[in-house]
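Undergrad: Please find the sequence and the predicted model below.
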Amino acid sequence: MKILVPVKRVVDYNVKIRVKPDGTGVELANVKMSMNPFDEIAVEEALRLKEAGKAEEVIVVSIGPAKAEETLRTGLAMGADRAILVETDQPVEPLAVAKILKGIAEAEAPGLVIMGKQAIDDDSNQTGQMLAALLNWGQATFASKVEIGEGSAKVTREVDGGLQTVEVKLPAIVTTDLRLNEPRYASLPNIMKAKKKPLDKKTPADFGVDTTARLTVLKTEEPGGRKAGIKVASVAELVEKLKTEAGVL
Ligand code: AMP
């Protein structure tokens with residue numbers, strides 16, 4: 001079977017985010033961008049399934065600006081076979097992303113779509129669920145273990161305070177949680193090879209999807225700064241303050 005892995009180009013998780021002066025969003029100029037960390041985990045899982053003989057082809061897909069090609073090349077350097085870039089300079093909301101992915105899934109007929117549980121820029125946690133609904137496929141979200149069987153997948157999910165194991169019929173959507181695996185680094189020879197792997201370019205219009213935003217961001221705020229601490233004179237005073245001021249004892 002084929003595995004489709006949607007990967008989003010986001011601000012690198014190590015970057016200290018700065019809010020734009022007009023509060024309409026975060027500063028993206030001259031900021032390091034990388035593959036969304038949950039999507040790296042999804043690529044890794046797809047590659048492991050291929051290496052275990054459960055899949056024949058891994059296709060990475062990204063919807064975003066021309067520079068999202070770099071993100072796709074990272075996926076190709078990790079080991080994906082080919083890539084699809086759906087190019088647009090507009091920010092694309094999860095529903096429109098899901099509609100485009102539906103078009104790609106219908107054209108490619110993958111046995112599995114494995115993707116991040118959330119993109120760390122907008123923290124939406126919506127795209128996988130919407131895609132499953134649009135395709136009328138089963139879904140297993142927040143996966144920490146994936147086992148492919150005959151026509152179905154057994155997925156262990158991280159739920160509050162424990163783990164749940166579910167079985168879904170294939171084709172299905174699986175979204176990845178942090179503990180599913182540790183993604184590999186691309187080696188230099190593989191980075192070179194990735195430059196020659198096939199990358200197909202499309203636009204949202206090819207899938208008949210209108211990407212006009214439905215939401216307006218009213219404001220973006222930085223987290224409040226930490227207040228300065230104080231020095232206490234004794235352990236007794238510390239315990240007293242924990243009881244009366246912090247309410248932790
Ligand atoms: P979200 O619903 O925005 O939190 O994103 C969840 C997952 O959907 C991400 O981890 C990606 O796998 C996928 N996704 C979201 N936006 C895009 C995009 N523009 N291009 C490719 N995949 C995306």
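TA: That came through fine.

Undergrad: List the residues that contact whatever residue of the chain ends up closest to the ligand.
TA: In the chain, the residue found nearest to the ligand is residue 116; the distance is 2.2 Å by C-beta to the nearest ligand atom. (Each C-beta comes from the backbone N, C-alpha and C, glycine too.) Each residue near residue 116 by C-beta atoms under 8 Å, 6 or more residues apart in numbering is listed here: 6-8, 36-39, 41-42, 128, 175-176.

Undergrad: any idea which element the residue nearest to it when sequence neighbours are not counted lies in?
TA: Ranked by C-beta to C-beta, 6 or more residues apart in numbering and with sequence neighbours excluded, the top spatial neighbour of residue 116 is residue 38, at 2.9 Å. Using DSSP states H and E, residue 38 maps to helix 37-51.

Undergrad: quick one: average confidence on that helix?
TA: Averaged across helix 37-51, pLDDT comes to 98.

Undergrad: name the helices or strands packed onto the helix or strand that it is followed by?
TA: Counting by DSSP H and E, the element after helix 37-51 in chain order, helix or strand, is strand 57-64. Secondary-structure packing of strand 57-64 (3 or more C-beta pairs under 8 Å, 6 or more residues apart in numbering; DSSP states H and E): strand 2-6, helix 37-51, helix 68-78, strand 82-87, helix 94-108.

Undergrad: Run through the residues of this structure sitting next to the ligand.
TA: Listed as neighbours of the ligand in the chain under the rule C-beta under 6 Å from any ligand atom: 6-8, 36, 38-39, 62-64, 92, 94, 97, 115-116, 118-119, 122, 124-128.

Undergrad: pLDDT weak spots in this structure?
TA: Counting by pLDDT under 70, the chain has low-confidence residues at 249.

Undergrad: So for this structure, the centremost residue is which one?
TA: residue 116 (3.2 Å; C-alpha atoms, centre = their mean).

Undergrad: The lengthiest strand in the chain vs strand 2-6, what angle?
TA: Assignment by DSSP state E gives strand 138-148 as the longest strand of the chain. Going by axes from the mean of the first three to the mean of the last three C-alpha atoms, to 10 degrees, strand 138-148 is angled at 120 degrees with respect to strand 2-6.

Undergrad: helices and strands around the very next helix or strand once past strand 138-148, which ones?
TA: As assigned by DSSP H and E, the chain's next helix or strand after strand 138-148 is strand 152-159. Under the contact criterion of 3+ C-beta pairs under 8 Å, 6+ apart, strand 152-159 touches strand 138-148, strand 162-169, strand 172-176.

Undergrad: can you pull the contacts of residue 183?
TA: With C-beta under 8 Å, 6+ apart, residue 183 has these contacts: 40-41, 43-44, 78.

Undergrad: One more: residue 47?
TA: 58, 78-80, 184 are the contacts of residue 47 under C-beta under 8 Å, 6+ apart.

Undergrad: And residue 232, by the same measure?
TA: Counted by C-beta under 8 Å, 6+ apart, residue 232 has contacts 238, 241.

Undergrad: ok, 10 Å please
TA: Neighbour list for residue 232: 238-242 [criterion: C-beta atoms under 10 Å, 6 or more residues apart in numbering].

Undergrad: Residue 51 too?
TA: With C-beta under 10 Å, 6+ apart, residue 51 has these contacts: residue 79.

Undergrad: what's the answer for residue 85, then?
TA: Contacts of residue 85 by C-beta under 10 Å, 6+ apart are 60-69, 71-72, 199-203.
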